[in-house]
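> Got a predicted structure plus its sequence, pasted below:
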Amino acid sequence: MSAGKRGAFFVFEGCDRSGKTTQSRLLAEFLTSKGIPTLSMNFPERESSIGQVINSYLTNSKDLPDEVIHLMFAANRWEYMNKIRRELLAGTTLIVDRYSYSGVAYTMAKGLDFDWCYAPERGLIKPDAVFFLKTAPVNLSSRGKYGEERYEKLEFQHKVAEVYNRIGEREFSYWHEIDASQPVAELHTKISGIAEKLQQQVEGKPLDKLT
Ligand code: NYM
Ligand code: MG
């Protein structure tokens, strides 16, 4: 890779069990096979000290006010911003499983205000594309281990899905809604096609911020 070319920033979003983890892995393998330096990350990043609190909350061993856990999810992204910037500018393409959109969708599903939810996300590095894996939550509950973590309830996931639609309208210019009920291989073909094209388009573009 020649100097100055940055990596692309791809994010996967969707309700729980929508197939994000599988598709992130397939996209990483695809880009790596094309000789593109690729790094996979996910949020929440449960290893940091903030991430450990988030993990305790998600596994129901800790309770926190809705506002507090929301800000911790955002802080967890902020603590990785330097790393994300460094990697992208060094030419590494990032594939990130969940980002600010999960933060807004899951907290708004509890009834909190959109602007309040979005505020701590402003200024974070903006992805080049979000792949939103859309499927009716009713199809999700049959997948493995569903219901073990906080939020993994059908009624709640319906609300999350509604907020995602609203976010998609706001962020339409880089939001790619993908029908996640398709077979894994077909989904991957669609996603990798979009990613490969964008990969080349963004390499000369400066990094942008969420507004
Ligand atoms: N989640 C994730 C949030 O509520 N806010 C956030 O900012 C992020 C990144 O964490 N149910 C929720 C969504 C998921 C849960 O994520 C754990 P995963 O990808 O299921 O491990
Ligand atoms: Mg989950």
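Great, that's in hand. Ligands and ions are numbered 1, 2, ... in the order given.

> For the rest of this, base every contact and every neighbour count on C-alpha atoms.
Will do.

> Could you pull out the buried residues of stretch 82-100?
84-85, 87-100 (16 or more other Cα atoms under 10 Å).

> phi, psi of residue 146?
phi -70, psi 140 (degrees, to the nearest 10).

> quick one: low-confidence parts of the protein?
By pLDDT under 70, the weakly predicted segments of the chain are 1-3, 139-144.

> please redo it, this time with the cut-off set to 80
1-4, 138-147 (pLDDT under 80).

> For ligand 1, give me its nearest residue in the chain.
Per Cα to the nearest ligand atom, residue 103 is where the chain lies closest to ligand 1, at 3.1 Å.

> what's near enough to touch that residue?
By Cα atoms under 8 Å, 6 or more residues apart in numbering, the contact set of residue 103 is 70, 73-74, 117.

> Tell me the buried residues in the helix or strand hosting it?
Here residue 103 sits within helix 100-108, counting by DSSP states H and E. The neighbour-count check on helix 100-108 (16+ other Cα under 10 Å) flags 100-108 as buried.

> repeat for stretch 109-117
Neighbour-count burial for stretch 109-117 [16+ other Cα under 10 Å]: 109, 117.

> pull the CA atoms of it into PDB?
Extracted as PDB, the C-alpha positions of stretch 109-117 are listed here (Å, rounded to 0.1, in the frame of the first residue of the first chain):
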ATOM      1  CA  ALA A 109     -35.700   1.500  23.000                       C
ATOM      2  CA  LYS A 110     -35.900   2.200  26.700                       C
ATOM      3  CA  GLY A 111     -37.700   5.500  26.000                       C
ATOM      4  CA  LEU A 112     -34.800   8.000  26.300                       C
ATOM      5  CA  ASP A 113     -34.600  11.000  24.000                       C
ATOM      6  CA  PHE A 114     -32.900  10.800  20.600                       C
ATOM      7  CA  ASP A 115     -30.700  13.900  21.000                       C
ATOM      8  CA  TRP A 116     -29.700  13.000  24.500                       C
ATOM      9  CA  CYS A 117     -28.700   9.500  23.300                       C
END
